[in-house]
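Undergrad: How does the following fold in three dimensions:
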Amino acid sequence: MTDVDAALDAAGLTNQAVREYVGHWAQVLGPERIEVVSAADDARLIEESLAAGEIQPAGEGRYYSRSYYKDTARSEERTIVATSNPSDAGVYNNWRPAEEMKPLLVERMRGQYAGKTMYVIPYLMSPPGSPLEKYAAGVELTDNRTVVLHMIRMARVGISLINDLEDPDTFVRAVHVTGDLENLGQGTPDDQRYFVTVADERTILHFGSSYGGNALLGKIAHGLRQAAYDGWVSREFLSEQFMLIGITDKQTGKTWHICGGFPSASGKTNLAMMLAPDGLGDRYHVSFYGDDIAWLWVDPEDGRLYGMNPEFGVFGVAKDTNETTNPTALESVAEGTQVLFTNVAWNEQTYEVWWEGKTKNPPADLEGWHDWKGEKLSDRSDRDDSPWAHPNSRFTTTLANVPNVAADFEDPAGVPIDGIIFGGRTSDREPLIRAITDLAEGVYDGLTLGAEATFAAEGVDGQLRYDPMSMRPFMSYAEGDYAAHWLRIVGAAKEQPIFAHVNWFQKDPEDGHFLWPGYRDNLRPLLWLMQLKDGEVTGRQTPVGILPTEEELVLDGCNVAADDLATLLDIDVPRWRDEMGFREDHLKQFDRLPEAIWEAHRRVAEALDDLG
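TA: Predicted coordinates for the structure are as follows:
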């Protein structure tokens, strides 16, 4: 085994607590060599990866990689939160005792770096100088060079970030082992993979993957699960799977900031990267801060709720990304951006990439094209219509590549939050937007956030799959405590943000067309929300929130039929009464749910009943 101290001395790593951590795990993992990496090493690591065949060129300054075909997404059933306190167990966090999980992971990991390089990645999940910096530092150990390339794009990576910590021991200890991917029994009763966050010890142990959130431990495991637990224990902040944008009125110079949560396939990334529609572009500008994680806290100086994106990059879904749905994303992965594509289709001759939805039809000439598994598309039979790219294929690019990234996206102070929105994918019951001005009702709405799922087989037609605050896969402590923490943090703000629920996906029940055009036009209801907060419009009160009137929405250049607009700006009362029963059953699962949430539920239910 390599000389650990010599390797760390050569790298200039002086933080003694980090050195001890690396030394301990080197004894467990048994690497042949140790390399401490910084962002400045990226070009060299890319060249090494190209030479080793781990990645391929995908045009000038663009790269392509494939993961093992059974290793293409987060694996929630193998993802566990472990602590020493059984009261941390919730409905969704898959809690296990730390004393059970730690030795299990250590034994799986023992000796797994034999003959390999241990890459030591010192990183920060915030801009340096942030008020939450002490929760942002981490050191990931990995045996996978491609993981290093992703981490350099998704986090701030550098030795100085760790050497200069105010408290040298305050960093997340993150260990990633790829494992023998072809022999881990993925999806079988003998599955060997485990992705464990030992939250009360600020330790992350992931075994058996090289993909995404399973391997980029600064992202989901630290940035969401661990940070959420840290925020709750410290009573200082919230960590949420939220996008964050700014909207500037160029006429008045005023900027509003809105964050919000959306379940999978509900339009979060497209909204985060939204541009103003043509008819409003001369007056309004939308700034991108982040599409996946927001940390929220109250600044003791001015008493306002602030937010920031702790990430340094975007790990975006490629599928259906095109000039109509998200031109901003396409520009952020253009030539020269050093983007890393994963599991898209790739042409070995032209170095082009393609995915379903990028263009209407795939390339007609199949010469040189390989699908996401690496198989030649020219060898396929005519009957094989399986996707060229994996549905969860990705692009990894830094925030600086996003063309409308906010000028202050690296400001450690964060930005003041004016609005918090939730949005699910529902074809009925949810209007275009409904605003909520009461804190408990806003939190209640987030806890009952859902998107359509097929429950007909269970005899519950029309029930939503609930995804509280869009955090269902990322909860790290009990949901009742989570609700109380939300009330505590946001309730401490002197100027309360306005809450809202949005829905871009209402359909006509007869022919199935979407009632709202979506995409850039989604700015219109958000402008109304900010005008409502500022007292410039009043809306129409309903039992489930304040809805815009047709006159209040700025619809210049927006083509919506009158009947469709009327439906978008109204509620289906019988459908909502059914919904309240489903919500009650959902909330009953959660221990220690604050009485304020139950009171909010009863207020909404009674108001619906009062309509007769």
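
Undergrad: On the three-state scheme, residue 346 is what?
TA: strand (DSSP: H, G, I helix; E, B strand; the rest coil).

Undergrad: so what pLDDT did it get?
TA: At residue 346, the model reports a pLDDT of 98.

Undergrad: Bridged to it, which residues?
TA: With DSSP bridges as the criterion, residue 346 is bridged to residue 353, residue 370.

Undergrad: contacting residues for it?
TA: Each residue near residue 346 by C-beta atoms under 8 Å, 6 or more residues apart in numbering is listed here: 56, 58, 64, 352, 353, 369, 370. The way it works is simple: take the backbone N, C-alpha and C, and place the C-beta from them, glycine included.

Undergrad: how about a cut-off of 7 Å?
TA: By C-beta atoms under 7 Å, 6 or more residues apart in numbering, the contact list for residue 346 reads 56, 58, 64, 353, 370.

Undergrad: By neighbours, which of these wins?
TA: residue 353 (25 neighbours; other C-beta atoms under 10 Å).

Undergrad: isn't it right up against residue 56?
TA: No. The pair residue 353 / residue 56 is not scored as a contact, 9.9 Å apart, by C-beta atoms under 7 Å.

Undergrad: so where's the stretch 1-150 of the chain shaky on pLDDT?
TA: 1 (pLDDT under 70).

Undergrad: quick revisit: closest one to residue 433 out of the contacts of residue 346, please.
TA: Nearest to residue 433 out of the contacts of residue 346 is residue 353 (C-beta to C-beta; 36.0 Å).

Undergrad: Tell me who's in contact with residue 601.
TA: 444, 583, 584, 587.

Undergrad: Okay, and which of those map to helices?
TA: Among the contacts of residue 601, DSSP state H puts 444, 583, 584, 587 in helices.

Undergrad: could I have stretch 437-451 exported to PDB, CA atoms only?
TA: Extracted in PDB, the C-alpha atoms of stretch 437-451 (Å, rounded to 0.1, in the frame of the first residue of the first chain):
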ATOM      1  CA  THR A 437     -50.500  33.600   2.300                       C
ATOM      2  CA  ASP A 438     -50.700  31.600   5.500                       C
ATOM      3  CA  LEU A 439     -47.500  29.900   6.600                       C
ATOM      4  CA  ALA A 440     -49.100  26.800   8.000                       C
ATOM      5  CA  GLU A 441     -51.300  26.400   4.900                       C
ATOM      6  CA  GLY A 442     -48.300  26.900   2.700                       C
ATOM      7  CA  VAL A 443     -46.300  24.200   4.500                       C
ATOM      8  CA  TYR A 444     -49.400  22.000   4.500                       C
ATOM      9  CA  ASP A 445     -49.700  22.400   0.800                       C
ATOM     10  CA  GLY A 446     -46.000  21.400   0.400                       C
ATOM     11  CA  LEU A 447     -46.500  18.300   2.500                       C
ATOM     12  CA  THR A 448     -49.400  17.200   0.300                       C
ATOM     13  CA  LEU A 449     -47.600  17.900  -3.000                       C
ATOM     14  CA  GLY A 450     -48.300  15.100  -5.500                       C
ATOM     15  CA  ALA A 451     -48.200  14.100  -9.100                       C
END
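
Undergrad: what about the helices in the stretch 501-612 of the chain?
TA: Taking DSSP state H, counting those that start in this stretch, the helices of the stretch 501-612 of the chain run over residues 523-533, 562-568, 573-587, 595-610.

Undergrad: How about the stretch 51-200 of the chain?
TA: Going by DSSP H, counting those that start in this stretch, the stretch 51-200 of the chain shows helices at 98-109, 145-154, 159-163.

Undergrad: Format the ones you listed as JSON lines; extra columns: mean neighbour count.
TA: Shown next, in JSON lines, are these (neighbours: other C-beta atoms under 10 Å):
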{"stretch": "helix 98-109", "mean neighbour count": "16"}
{"stretch": "helix 145-154", "mean neighbour count": "24"}
{"stretch": "helix 159-163", "mean neighbour count": "19"}
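
Undergrad: Contacts only, for residue 494.
TA: Contacts of residue 494 (C-beta under 7 Å, 6+ apart): 303, 304.

Undergrad: related to what we said a few turns ago, of all pairs in the contacts of residue 601, which one spans the longest distance?
TA: 444 and 584 (11.3 Å).

Undergrad: Looking at the two, which one has more neighbours?
TA: Higher neighbour count among residue 444 and residue 584: residue 444, with 26 against 14, using other C-beta under 10 Å.

Undergrad: Just give the closest residue to residue 123, not the sequence neighbours.
TA: residue 155 (4.0 Å; C-beta to C-beta, 6 or more residues apart in numbering).

Undergrad: What count of nearby residues applies to that neighbour?
TA: 29.

Undergrad: cool, and residue 253?
TA: Neighbours around residue 253, by other C-beta under 10 Å: 7.

Undergrad: And the helices in the stretch 301-450 of the chain?
TA: Using DSSP H, counting those that start in this stretch, helices in the stretch 301-450 of the chain cover 327-332, 439-447.
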